[in-house]
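1. Fold the following, please.
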Amino acid sequence: MIKFMLMVNRQGQTRLSRFYQPMELSRRTLLEADVVRCCLSRKKDECSFVEYKDFKLVYRQYAALYIVVGVTDNENELSVYELLHNFVEVLDKYFSRVSELDIMFNMDRVHVLLDEMIQNGLVVETNKSRLLAPLAALDKMAEG
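-> Purely as a prediction, here's the structure:
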């Protein structure tokens with residue numbers, strides 16, 4: 001099960017944060033800072049899976065952004081790793097070469113996409129055309 005998903009830049013600034021289990025805001029902030037520090041300090045040739053406290057971290061770097069997912073111990077790390085890639089591919093398709101600025105200025109669209117993929121910490125959809133359908137509907141409504 002997925003506990004949280006973070007998207008941070010190289011400076012450690014959080015660009016996206018979604019928690020699937022309730023957590024106090026103060027604990028959430030500390031957890032984010034610690035997780036980001038842990039992932040950013042790793043070298044490129046090190047594994048993208050990290051044992052962290054009572055769960056695992058799966059992260060992937062895309063240009064200047066890191067996407068970090070906290071999962072339970074019984075979750076398959078490789079499937080989560082591929083989920084991250086699928087998420088970025090869908091963002092890339094929607095924004096046509098997604099950038100950090102696209103994410104910052106279209107946070108609502110990114111959250112819609114993420115909510116279509118993951119609900120209550122479980123992956124519910126990975127098909128790219130099905131994931132993009134709600135965004136296309138929103139864009140159509142905005143135009144007309």
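
2. Buried residues in the longest helix along the chain, which are they?
-> The longest helix of the chain (DSSP state H) is helix 77-95. By neighbour count with 16 or more other CB atoms under 10 Å, helix 77-95 contains the buried residues Glu77, Val80, Tyr81, Leu83, Leu84, Asn86, Phe87, Val88, Val90, Leu91, Tyr94. (C-beta placed from N, C-alpha, C; glycine too.)

3. Output those residues as JSON lines; include the columns distance to Ile118 and pLDDT.
-> Conversion of these to JSON lines gives the following (distance: CB to CB, whole Å; pLDDT from 0 to 100):
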{"residue": "Glu77", "distance to Ile118": "16", "pLDDT": "95"}
{"residue": "Val80", "distance to Ile118": "10", "pLDDT": "96"}
{"residue": "Tyr81", "distance to Ile118": "15", "pLDDT": "96"}
{"residue": "Leu83", "distance to Ile118": "8", "pLDDT": "97"}
{"residue": "Leu84", "distance to Ile118": "11", "pLDDT": "96"}
{"residue": "Asn86", "distance to Ile118": "11", "pLDDT": "97"}
{"residue": "Phe87", "distance to Ile118": "9", "pLDDT": "96"}
{"residue": "Val88", "distance to Ile118": "14", "pLDDT": "95"}
{"residue": "Val90", "distance to Ile118": "12", "pLDDT": "96"}
{"residue": "Leu91", "distance to Ile118": "14", "pLDDT": "96"}
{"residue": "Tyr94", "distance to Ile118": "17", "pLDDT": "95"}
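
4. still on that earlier bit, list the helices and strands the longest helix of the chain packs on?
-> strand 55-62, strand 65-71, helix 100-105, helix 107-117, helix 128-143 (3 or more CB pairs under 8 Å, 6 or more residues apart in numbering; DSSP states H and E).

5. CA atoms only for it, dumped as CSV, please.
-> Below are the C-alpha coordinates for helix 77-95, written out as CSV (Å, rounded to 0.1, in the frame of the first residue of the first chain):
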residue,chain,number,x,y,z
GLU,A,77,9.2,-2.0,-5.3
LEU,A,78,9.6,-2.6,-9.0
SER,A,79,5.9,-2.1,-9.6
VAL,A,80,5.9,1.2,-7.7
TYR,A,81,9.1,2.2,-9.7
GLU,A,82,7.2,1.5,-12.9
LEU,A,83,4.1,3.4,-11.6
LEU,A,84,6.3,6.5,-11.1
HIS,A,85,7.5,6.2,-14.7
ASN,A,86,3.9,5.8,-15.9
PHE,A,87,2.9,8.9,-13.9
VAL,A,88,5.7,10.9,-15.6
GLU,A,89,4.8,9.6,-19.0
VAL,A,90,1.2,10.7,-18.6
LEU,A,91,2.3,14.1,-17.3
ASP,A,92,4.6,14.3,-20.3
LYS,A,93,1.9,13.5,-22.7
TYR,A,94,-0.6,16.0,-21.2
PHE,A,95,1.9,18.9,-20.9
